[in-house]
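*Asks:* Just the structure for this:
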Amino acid sequence: MNAKNKNSEPSSISEAFQQLIPANAVSNVNKSMIAGEFLRLRYETAMSIKTDNPALAADELARFKDNCRLANAISLGIELRNYLLWEIYSTEQYRQTDQDFVAFGMRMTELKKAQLMRSVHAGRIRIEMIQADLDDVRPTGRQVEALSKIEKKHTVNAWLHALAHVKIHGRSDAKVIEGLIDYCKIKKIPFGKRMPNGSGKLPFQKVLRKKTEPEQLKAKNNDWDLNLHEQELILGIDPETSSSMADSELRKTVSKHVEAIKNVAAKIDLTDYDTRQTEELLAMVYRKDEGMGRSLAKLALHSVRELVLKEIKKSDDNTKPNES
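*Replies:* Numbering: from 1, shown residues only. Sure thing, here's the model as predicted:
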């Protein structure tokens with residue numbers, strides 16, 4: 001917020017909400033909790049004035065209006081809370097009491113981590129919509145949660161794409177999500193961070209999700225430091241290779257196989273989006289038909305093996321002396 005606007009910021013937001021809550025409603029022991037005795041008496045009063053008439057009696061009607069007023073205020077309070085959590089998170093105000101925002105947020109709100117971060121994203125998205133002059137057509141409800149599954153830097157453009165999509169295909173939460181997924185497909189970026197159900201059982205899922213090693217570690221050695229079992233695995237890719245060869249020839253062959261594996265890996269040009277999409281496809285097949293899913297996974301592994309063998313044979317052909 002600019003300094004010139006600082007004095008115009010309302011300073012009694014909490015007081016405005018607290019005025020809606022009776023003083024005796026707050027627990028004397030835990031000031032962040034509504035007292036159980038207050039709720040018990042309130043419910044007993046509500047039941048005592050209840051009638052079976054189609055139209056509410058005067059006391060019931062007054063109680064109903066009061067309940068609606070409080071419920072609406074609480075809904076507004078939740079929206080404001082989401083923004084406040086985003087402000088605390090983005091400015092790191094939580095460092096006053098905690099080293100970690102999640103620890104602070106979970107303690108303060110009593111929300112689980114996933115719920116807490118959804119609230120933070122909701123606050124962030126509202127601010128981004130305001131800053132992009134899109135507040136009047138901002139996402140709501142499920143749309144906010146769907147938009148939060150896209151990388152932050154794409155938030156505004158993804159939402160503009162979704163708005164254009166629903167203008168053509170009809171306005172609904174399902175169509176909005178459809179538009180957001182379409183944007184991700186065009187930009188080749190992932191939609192959501194949670195891996196699909198079933199992917200945890202795929203045989204290579206940990207490899208696909210392994211974080212990239214720092215560049216200095218990858219470039220440390222041209223050859224890997226392999227123990228005896230690992231050497232046997234490397235040699236075993238080629239059934240024509242014998243492990244009984246002399247040590248010098250063994251080291252040379254292992255190095256050649258390692259180089260073949262590296263060459264194959266370097267040729268893969270599949271984007272992160274395509275990788276994620278294919279993994280989701282395999283996970284879906286696995287859920288529908290476990291046997292078929294395992295077969296496709298084996299086919300993928302077989303393809304890697306064949307590519308490495310092809311690279312090894314290519315290397316052998318290049319090193320053979322020319323026949324006269």
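*Asks:* Could you check stretch 301-319 and say which residues are buried?
*Replies:* By neighbour count on 16 or more other C-beta atoms under 10 Å, the buried set for stretch 301-319 is 307-309, 311-312. For glycine as for every other residue, the C-beta is placed from the backbone atoms N, C-alpha and C.
*Asks:* Now intersect these with the strands, please.
*Replies:* Among the buried residues of stretch 301-319, none falls in strands (DSSP state E).
*Asks:* quick one: the helices in the protein?
*Replies:* Applying DSSP state H to the chain gives helices spanning 13-18, 36-48, 58-90, 101-109, 113-131, 142-147, 155-169, 173-187, 205-209, 215-218, 228-236, 247-267, 272-288, 290-319.
*Asks:* Redo the buried residues of stretch 301-319 as a markdown table? Include distance to Asp289 and pLDDT.
*Replies:* Converted to a markdown table, those look like this (distance: C-beta to C-beta, whole Å; pLDDT from 0 to 100):
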| residue | distance to Asp289 | pLDDT |
| --- | --- | --- |
| Leu307 | 26 | 89 |
| Val308 | 29 | 89 |
| Leu309 | 29 | 89 |
| Glu311 | 33 | 88 |
| Ile312 | 34 | 87 |
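*Asks:* Just name the closest of those to Thr241, please.
*Replies:* Taking C-beta to C-beta as the measure, Thr241 sits nearest to Ile312 out of the buried residues of stretch 301-319, at 8.6 Å.
*Asks:* Please name the nearest non-neighbouring residue to that closest one.
*Replies:* Excluding the flanking residues, the one nearest Ile312 by C-beta to C-beta, 6 or more residues apart in numbering is Ala260, at 4.6 Å.
*Asks:* mind listing what that neighbour touches?
*Replies:* Each residue near Ala260 by C-beta atoms under 8 Å, 6 or more residues apart in numbering is listed here: 308, 311-312, 314-315.
*Asks:* For burial, what's the neighbour tally of Ala283?
*Replies:* Using other C-beta atoms under 10 Å, Ala283 has 20 other residues around it.
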